[in-house]
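Q: The following comprises the amino acid sequence and a computationally predicted model.
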Amino acid sequence: MSTRDFNGWTPYRAAWLGDEMIVDWCHHGSRRFTEPFYYETIARAFTQPFNQLFQRRTLAADLDLVPPGLAPTGFVFHMSRCGSTLLGRALAADPANIVVSEASPIRNILQADRFGSATRPQRAAWLAGIVNAFAQRRFPEEKHVFVKFFAADVLDLPLILDVFPNTPWVFLCRHPLEILASQRAAGGVDTTKGNIPPHLLGLAPDDLDDMSNEVYLCRVMAAFGRAALAAHRPGRSLILDYRDLPSALYDRLPAHFGLALDDATRAAMTMVLGSDAKNPSVAFQEDSAIKRAAAAPFAELVELLVGPTYAALTQAARASDASLGTA
């Protein structure tokens with residue numbers, strides 16, 4: 001394929017096919033990514049008859065044929081259920097921003113070595129290529145690209161930061177009792193027991209056999225937090241607590257990513273922030289107190305397994321406040 005063959009096409013799947021990592025593409029044309037999650041963007045794309053009839057497939061090795069797009073402006077990592085979707089939607093409210101939210105092709109490239117024979121250099125090259133594929137400008141006003149990763153992708157921060165050494169990033173956390181309540185009510189893919197290799201959580205395979213879901217969720221939250229803390233470098237990375245939202249979206253976050261918010265952008269963000277992050281048709285409702293009450297029986301467990309990590313995260317967040325003059 002020539003470079004022009006990629007115009008208007010976006011990856012919707014990356015997967016092993018035999019011994020080859022392949023990338024499947026659908027046609028988005030000039031449609032912006034405005035849905036809370038990328039799978040919703042793909043679902044919308046496949047309502048178009050063209051995409052039902054015509055798709056494209058390339059090798060991941062051919063991603064270097066995609067012409068250079070915009071350089072990534074920032075990455076978003078999170079502890080799960082702590083405001084990252086809200087942050088992504090606020091960024092997407094500005095037409096100058098391309099926001100890719102939890103795109104499975106990126107996730108599958110990161111995890112390529114779990115399901116096939118992929119070396120670290122191969123994963124690094126594919127990661128650079130897949131992010132560049134999402135960073136193609138479709139509107140002349142587009143200037144920035146943000147990637148919001150899946151929660152467990154923070155465990156791959158060493159690889160991501162090796163590939164993108166100059167990209168600033170943010171990690172969002174939340175009181176673990178509140179996350180626990182949300183995950184117990186409706187678990188996510190990254191908090192389902194067995195979906196993450198146990199050694200990445202500091203566990204042995206046998207440890208999972210008799211482990212309760214609550215203990216497992218705490219181990220997962222702690223591992224995510226430790227991974228962010230290990231890579232945290234003030235100035236390059238920013239740690240935000242859910243309690244910092246939404247105010248941090250107007251000051252600390254733009255300052256960290258080098259964004260200038262005009263009145264129109266602030267108004268658009270404010271409109272987005274008035275609705276539920278995952279279900280924009282519903283008004284936002286603050287539920288932190290309700291979640292803490294729901295998970296109260298597990299308070300001692302949470303404090304034992306996640307408390308020290310969360311305390312370190314909040315300390316790092318406050319240090320970021322002080323360095324930015326917002327303490």
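A: Great, that's in hand. If you're wondering where the values come from, they're calculated on a predicted model, not measured in any experiment.
Q: Strands of the stretch 201-327 of the chain, start to end?
A: 237-241 (DSSP state E, counting those that start in this stretch).
Q: what do you get for the stretch 1-150 of the chain?
A: 9-17, 20-27, 56-59, 74-78, 97-101, 144-148.
Q: Take those strands and write them to JSON lines, including distance to residue 239.
A: Quick note: C-beta positions are derived from backbone N, CA and C, even for glycine. As requested, the strands of the stretch 1-150 of the chain are arranged in JSON lines below (distance: least, C-beta to C-beta, whole Å):
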{"stretch": "strand 9-17", "distance to residue 239": "29"}
{"stretch": "strand 20-27", "distance to residue 239": "33"}
{"stretch": "strand 56-59", "distance to residue 239": "37"}
{"stretch": "strand 74-78", "distance to residue 239": "10"}
{"stretch": "strand 97-101", "distance to residue 239": "20"}
{"stretch": "strand 144-148", "distance to residue 239": "16"}
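Q: could these go into TSV alongside distance to residue 189, mean pLDDT and mean neighbour count?
A: What follows is those, written out as TSV (distance: least, C-beta to C-beta, whole Å; pLDDT from 0 to 100; neighbours: other C-beta atoms under 10 Å):
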stretch	distance to residue 189	mean pLDDT	mean neighbour count
strand 9-17	16	94	19
strand 20-27	20	94	19
strand 56-59	25	92	14
strand 74-78	14	98	25
strand 97-101	14	96	25
strand 144-148	15	98	25
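Q: These: which one's closest to residue 157?
A: strand 74-78 (7.2 Å; C-beta to C-beta).
Q: got the CA positions of stretch 109-119 in PDB?
A: Taking C-alpha atoms only, stretch 109-119 is exported to PDB below (Å, rounded to 0.1, in the frame of the first residue of the first chain):
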ATOM      1  CA  ILE A 109       0.000  -4.200  20.300                       C
ATOM      2  CA  LEU A 110       1.100  -3.600  23.900                       C
ATOM      3  CA  GLN A 111       0.200  -7.200  24.800                       C
ATOM      4  CA  ALA A 112       1.400  -8.800  21.600                       C
ATOM      5  CA  ASP A 113       4.000 -10.900  23.400                       C
ATOM      6  CA  ARG A 114       1.300 -12.600  25.600                       C
ATOM      7  CA  PHE A 115      -0.400 -14.200  22.600                       C
ATOM      8  CA  GLY A 116       2.400 -14.600  20.000                       C
ATOM      9  CA  SER A 117       6.100 -14.400  19.400                       C
ATOM     10  CA  ALA A 118       6.800 -10.600  19.500                       C
ATOM     11  CA  THR A 119      10.100  -9.200  20.600                       C
END
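Q: what does that stretch rub up against?
A: Contact with stretch 109-119 is made by 14, 16, 19, 21, 60, 120, 122-123, 126-127, 130, 153, 156, 159-160, 197, as judged by C-beta atoms under 8 Å, 6 or more residues apart in numbering.
Q: out of these, who's nearest residue 225?
A: Closest to residue 225, out of all of the contacts of stretch 109-119 and judged by C-beta to C-beta, is residue 153, at 14.0 Å.
Q: what's the distance between the closest one and residue 61?
A: Counting by C-beta to C-beta, to the nearest Å, the separation of residue 153 from residue 61 is 22 Å.
Q: higher neighbour count, these two?
A: Shown here are residue 153 and residue 61; by other C-beta atoms under 10 Å, residue 153 has more neighbours (23 against 15).
Q: Leaving out sequence neighbours, find the closest residue to the more buried one.
A: residue 110 (5.9 Å; C-beta to C-beta, 6 or more residues apart in numbering).
Q: Residue 138: which of the strands of the stretch 1-150 of the chain is closest?
A: Within the strands of the stretch 1-150 of the chain, the stretch nearest residue 138 is strand 97-101; the backing value is 7.9 Å (C-beta to C-beta).
Q: Given that closest one, what are its sheet partners and their directions?
A: strand 144-148 (parallel) (DSSP bridges).
Q: mind saving the C-alpha coords of the partner strand as PDB?
A: C-alpha atoms of strand 144-148 as PDB (Å, rounded to 0.1, in the frame of the first residue of the first chain):
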ATOM      1  CA  HIS A 144      -3.200  17.900  19.500                       C
ATOM      2  CA  VAL A 145      -3.500  14.100  20.000                       C
ATOM      3  CA  PHE A 146      -4.300  12.500  23.300                       C
ATOM      4  CA  VAL A 147      -4.400   8.700  24.000                       C
ATOM      5  CA  LYS A 148      -6.300   7.500  27.000                       C
END
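Q: Name the residues that touch the following helix or strand past that strand?
A: Using DSSP states H and E, the helix or strand that follows strand 144-148 towards the C-terminus is helix 157-163. For helix 157-163, the external contacting residues (C-beta under 8 Å, 6+ apart) are 75, 77, 110, 120, 123-124, 127-128, 149, 153, 167, 169, 227-228, 230-231.
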